[in-house]
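Chemist: structure of the sequence below:
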Amino acid sequence: MKIIGIAGPSGAGKTRVAIELARLVDGCAVLGTDQYYRDLSHVSPEGRSLTNFDSPAALDWDLLGGQLAALRSGQPVSAPCYDFSRHVRTPDTRIIEPPRLLLLEGLFVLVKAPVRQHLDLSVFLEASENLCLKRRIARDTAIRGRSESTVREQWERFAVPMYRIHVRPTRNTADLVLDAARPPEKSAAKILRTAAHRWPEYRRLYSNL
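Modeler: Numbering: from 1, shown residues only. All right, here's what the predicted structure looks like:
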């Protein structure tokens, strides 16, 4: 099994690129680190709204690292499911069998060494803060039950400073840096081409693009 990590700022299009790449490779699974946010069901709704979800501390790193290790060893895992509208884990889980290729995408994919050590290829999507804010507003108002004013407030209070402190420096650790303004299918093809140069078994896939 190979693991490709896709990192970058909120709104860079990490999930879209991962989905496009998954379409190109049979036996590919996408795992978002957003699903590993800590469960806040014990916190009041008011307290949840004040939580800094743009900090690495908001994720359950032990669970994520343990499940990556299990997949590496050929064991299936029960990945958590997260309800972003309420900031809690749902009772449901997602069973993931060890795939041929795992795409791990999320803000902090390159932040923690115990997670980075599992990556066979690391990618950073680079985007302007204005583009990311526009995309974050569109996403959070459409599928996460947020208002535009709330998104903007969280953006200024948490997202921008945390990105500059924790996420942007990880660009220097990436094997491949891509412009997030380009179409996601082009970024996916570039990632696959890079993988094909590293792993002979992927060369046939790229030749068919």
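
Chemist: for the rest of this, base every contact and every neighbour count on C-alpha atoms.
Modeler: OK.

Chemist: wasn't residue 136 part of a helix?
Modeler: Yes - assigned with DSSP: H, G, I helix; E, B strand; the rest coil, residue 136 falls within a helix.

Chemist: for it, what are its contacts?
Modeler: 10-11, 151 (Cα atoms under 8 Å, 6 or more residues apart in numbering).

Chemist: for it, report the pLDDT, please.
Modeler: pLDDT, residue 136: 88.

Chemist: direction included, what does the longest strand belonging to the chain pair against?
Modeler: Identified as the longest strand of the chain according to DSSP state E is strand 88-96. Counting by DSSP bridges, the strands paired with strand 88-96 are strand 77-83 (antiparallel).

Chemist: contacts for the partner strand, please.
Modeler: 34-37, 67, 70-71, 88-97.

Chemist: 7 Å - rerun?
Modeler: Strand 77-83 is contacted from outside by 35-36, 67, 71, 88-90, 92-97, using Cα atoms under 7 Å, 6 or more residues apart in numbering.

Chemist: restricted to buried residues, select these in ChimeraX.
Modeler: The buried residues among the contacts of strand 77-83 can be selected in ChimeraX (16 or more other Cα atoms under 10 Å) with this line:
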select :35,36,67,71,88,89,96
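
Chemist: now render the contacts of strand 77-83 as a markdown table, adding pLDDT and distance to residue 143.
Modeler: Shown next, in a markdown table, are those (pLDDT from 0 to 100; distance: Cα to Cα, whole Å):
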| residue | pLDDT | distance to residue 143 |
| --- | --- | --- |
| 35 | 96 | 15 |
| 36 | 97 | 18 |
| 67 | 97 | 27 |
| 71 | 97 | 29 |
| 88 | 91 | 15 |
| 89 | 93 | 16 |
| 90 | 94 | 16 |
| 92 | 95 | 18 |
| 93 | 96 | 19 |
| 94 | 96 | 19 |
| 95 | 97 | 23 |
| 96 | 97 | 24 |
| 97 | 97 | 27 |
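
Chemist: ok, the contacts of strand 77-83 vs residue 197, which is closest?
Modeler: Nearest to residue 197 among the contacts of strand 77-83: residue 71, at 24.1 Å, using Cα to Cα.

Chemist: residue contacts, that closest one?
Modeler: 77, 98.

Chemist: report the buried members of the contacts of residue 136.
Modeler: For the contacts of residue 136, a neighbour count by 16+ other Cα under 10 Å gives the buried set as 10-11, 151.

Chemist: what about the strands in the chain?
Modeler: Using DSSP E, strands in the chain cover 2-7, 28-32, 77-83, 88-96, 101-105, 121-126, 176-179.

Chemist: just put those strands in TSV and tack on distance to residue 16.
Modeler: Formatted as TSV, those follow (distance: least, Cα to Cα, whole Å):
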stretch	distance to residue 16
strand 2-7	11
strand 28-32	10
strand 77-83	18
strand 88-96	19
strand 101-105	10
strand 121-126	11
strand 176-179	13
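
Chemist: great, nothing more from me.
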